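A.B. asks: Fold the following and give me the result.
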Amino acid sequence: MTSESTPDPLALVPSDVVARQLGVKPQTLRMWRHAGRGPRYVRIGNRALYRRADIDAWITERTFAHASDEPANVVPIGRPFAARSK
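C.D. replies: Purely as a prediction, here's the structure:
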């Protein structure tokens, strides 16, 4: 038996931790939530929390072996076109 444990897939992870793990700013994660583009989340009070299983599923949906494997209907995760002024 080892002292390491497997993370609970239903454990709730704060949005700042998720943003850091995904390598994006918290504002980007917030924008994805509002646009319906990011991982599924749970709203508790004024906090957005994420289940580890939902984060992993979201990443898996966006994992491809080659660029040609990417479906045409996948929405890029950058800023929306309307926000790209300047």
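A.B. asks: what's the closest non-adjacent residue to the residue positioned nearest the centre of the chain?
C.D. replies: Nearest to the geometric centre of the chain sits P39, at 3.9 Å (C-alpha atoms, centre = their mean). Counting by C-beta to C-beta, 6 or more residues apart in numbering, W58 is the residue found nearest to P39 once chain neighbours are left out, at 3.8 Å. Glycine gets a C-beta too; all of them are placed from N, C-alpha and C.
A.B. asks: pretty sure the one you found contacts R37?
C.D. replies: No: using C-beta atoms under 8 Å, W58 makes no contact with R37, being 9.5 Å away.
A.B. asks: Enumerate every residue touching the residue nearest to P39.
C.D. replies: Residues near W58 by C-beta atoms under 8 Å, 6 or more residues apart in numbering: G38, P39, R40.
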